[in-house]
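K.L.:
coords below, sequence missing:
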């Protein structure tokens, strides 16, 4: 079986399970110092005085750095495309104003981590303070129509066609509901970490980063360096879920401390700090209005949503990402607003925008189906679009109806009885629910090079990163199919776009390396192909051969190189971006659906997800084993989203209350049922030659709506604010 499409175990798996994989916090250098930030214990006010005297006298302490002595850290600016992207733009210590709880106000640096932690704890701050605003009821700030966001200027009316308001007013059937998702915190196993080293005017960072080249450019700006004087190394990541896409303030702090003290400095963000200073999925409040005919055809869709954001920053949670094209509707309007709060800046979290957005719109579709007494699958089939109605262009590939059909069959959906609490098994009440899902598919710019070596090995290199999703394995598979920041510039690990972006780059690089190999095979003295033309030859399964003779009579590429006394041949390739194309010819997205069963035991108020069937249309699946793992992990995260996860802020102090893994509850093994994952596997050649699209995030989209629909089917309780709590079900 060829490498592509084969279930291939992770090439980095043995390194990770044996403890040999080196993460950013694992590196060690002689004379290395340790840094621990001092955090503000208020969320709204100003630092009046810092008392560092006791801390500075403690054994092993090298410095207590703060606004007056840390040296210059410049503000970075955004560039074109994905250059200079970050959510918290203010450099650390730029002023004395505190805008969120846990904001860094000083940095203790010492010979050991323990000494640095003790010194940080000994720093005393005096504040003037006001009550923070962490209100959960969101009212959009008064902002202009065009607003600045993380990615540039954005129109607050995201999409509009027809007369949505008028069509809703005259619709025979109406639904008008508001859905709420809470703040959620990324909690990857690996904490954020930076190890910074200066060599003269050259800065090297070992960093837990999903975007090494973006970080390189920003740090160059912040320290006034040429870009080539900054090197970022990210060998392994213990996942990131989007929280490690863009730089956070601990990174320039570590670099500034290393510059000041002339020694390597390591800074590891604590688990508690992860809830304060390195982003979160923001709270959203979404009003969805659907108008439909009595038969279930949508005539109007209005989606108006608000997300909370930080005082200084303009993060936009794009809940309308899928709304405008997901279903056919002639009259539509999607708008957004933001509500500033005394919280750290939100950031992208797995499936940003579409995940909370589809929870709202898919929940509304399920409610409309109940109102119309139509099967929810049938309602979606009735409203299947022929084209992307938001752009007026065809889909490159859309097989959502096949997903519905296969999912319903595998789940046994035809046996569902719609009455509340009507389905029983083993003394438990069953609830069945479903929802659709989608996620954008596109390419980021990428580059790669491929080497064919005289020892018979091939090497592919690109300056991207594997955040735990299997990128190393996919690169190996791509190279087999064809055969650090010092590397060719690779894409960020975000948006489920790395694999799709790398395919063209790796294939072009491999083709060029093979072209060089065939030239050598026909020109090297003593080569068995010396009198042939390169066009007479072919390369397959690691062997060079005459096309007319077939591969059985060929010679290994290692033998060709050794006979020519050549160590290796190389080829480079690149992939152009399609993401953000203002005039696309096709609408490129992945699609899918979830079918969910819950069990309800009212005697003890016990709700469990007992079964999930997920079907995904994500183009050609390059590695079914890794693909299923990605969807399974996303579904597990979706169970947490629906039933468990939420970050709560104290109204008096502004502090995240449940800022630890004991009180911030995530789904664990005992919460996870059998998950049956299927791919419909229709290649999408508009994305790349293999027809592959990303699958890291789509598995989380829609699953919460399927779970809450199942909860309603079992209990009769309609939960519109996540997570589902016992209080909801007992109310």
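P.N.:
Looks like it came in fine. Predicted model, so just to flag it, every value in this text is computed and none were measured.
K.L.:
just checking, what packs against whichever strand or helix holds residue 378?
P.N.:
Assigned by DSSP states H and E, residue 378 falls within helix 376-382. Under the contact definition 3 or more CB pairs under 8 Å, 6 or more residues apart in numbering; DSSP states H and E, helix 376-382 sits against helix 354-372, helix 400-411, strand 428-440. The way it works is simple: take the backbone N, C-alpha and C, and place the C-beta from them, glycine included.
K.L.:
Nearest to residue 230 among these would be which one?
P.N.:
Among the helices and strands packed on helix 376-382, the nearest to residue 230 by CB to CB is strand 428-440 (30.2 Å).
K.L.:
Now render the helices and strands packed on helix 376-382 as CSV, adding mean neighbour count.
P.N.:
Formatted as CSV, the entries for those read as follows, by neighbours: other CB atoms under 10 Å:
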stretch, mean neighbour count
helix 354-372, 26
helix 400-411, 19
strand 428-440, 25
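K.L.:
Next, format those as a markdown table and append distance to residue 261 and mean pLDDT.
P.N.:
Shown next, in a markdown table, are the helices and strands packed on helix 376-382 (distance: least, CB to CB, whole Å; pLDDT from 0 to 100):
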| stretch | distance to residue 261 | mean pLDDT |
| --- | --- | --- |
| helix 354-372 | 42 | 98 |
| helix 400-411 | 57 | 98 |
| strand 428-440 | 44 | 97 |
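K.L.:
Looking at those, spot the one closest to residue 448.
P.N.:
Between residue 448 and these, the tightest spacing by CB to CB is seen for strand 428-440, at 22.6 Å.
K.L.:
gap between residue 156 and residue 324?
P.N.:
Distance, residue 156 to residue 324, by CB to CB, to the nearest Å: 14 Å.
K.L.:
before we move on, back to that, output the helices and strands packed on helix 376-382 as CSV; include the columns distance to residue 204.
P.N.:
Output for the helices and strands packed on helix 376-382, formatted as CSV (distance: least, CB to CB, whole Å):
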stretch, distance to residue 204
helix 354-372, 35
helix 400-411, 46
strand 428-440, 34
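K.L.:
out of residue 156 and residue 324, which sits in the busier spot?
P.N.:
Neighbours around residue 156 and residue 324, counted as other CB atoms under 10 Å, are more numerous at residue 324. The numbers are 21 against 17.
K.L.:
does that one sit in a helix, a strand or a coil?
P.N.:
Following DSSP: H, G, I helix; E, B strand; the rest coil, the label given to residue 324 is helix.
K.L.:
Model confidence score at it, please.
P.N.:
Residue 324 carries a pLDDT score of 98 in this model.
K.L.:
Pull out the buried residues from the helix holding residue 378.
P.N.:
Of the residues in helix 376-382, those with enough neighbours to count as buried (16 or more other CB atoms under 10 Å) are 376, 377, 379, 380, 382.
K.L.:
for stretch 195-209, same thing?
P.N.:
In terms of neighbour count (16+ other CB under 10 Å), stretch 195-209 has its buried residues at 195, 196, 197, 198, 203, 204, 205, 206, 207, 208, 209.
K.L.:
Outside of that stretch itself, list whatever touches it.
P.N.:
Residues outside stretch 195-209 that contact it (CB atoms under 8 Å, 6 or more residues apart in numbering) are 23-25, 27, 29, 32, 190-194, 215, 219, 223, 225, 229-234, 237-238, 240, 244, 247, 251, 254-255, 257-259, 262, 264-267, 465.
K.L.:
how far away is residue 511 from residue 258?
P.N.:
From residue 511 across to residue 258, the span is 42 Å (CB to CB).
K.L.:
again but with residue 94, I slipped
P.N.:
Between residue 94 and residue 258 the distance, using CB to CB, works out to 19 Å.
K.L.:
what's the answer for residue 87, then?
P.N.:
Here residue 87 is placed at a distance of 24 Å from residue 258 (CB to CB).
K.L.:
With residue 716 instead?
P.N.:
60 Å.
K.L.:
Please pull out the lowest mean pLDDT helix or strand from the chain.
P.N.:
helix 471-482 (a mean of 60; mean pLDDT, DSSP states H and E).
K.L.:
Give me the pLDDT for residue 502.
P.N.:
Note on residue 502: pLDDT of 72.
K.L.:
Give the burial count for it, as a bare number.
P.N.:
By the criterion of other CB under 10 Å, residue 502 has 29 neighbours.
K.L.:
And it, which helix or strand is it part of?
P.N.:
For residue 502, the enclosing helix or strand under DSSP H and E is helix 498-523.
K.L.:
do residue 558 as well
P.N.:
Per DSSP H and E, residue 558 falls inside helix 557-563.
K.L.:
Return the list of helices and strands in contact with that helix.
P.N.:
Packed against helix 557-563 by the contact rule (3+ CB pairs under 8 Å, 6+ apart) you find strand 446-453, helix 498-523, strand 543-546.
K.L.:
Thanks a lot, see you next time.
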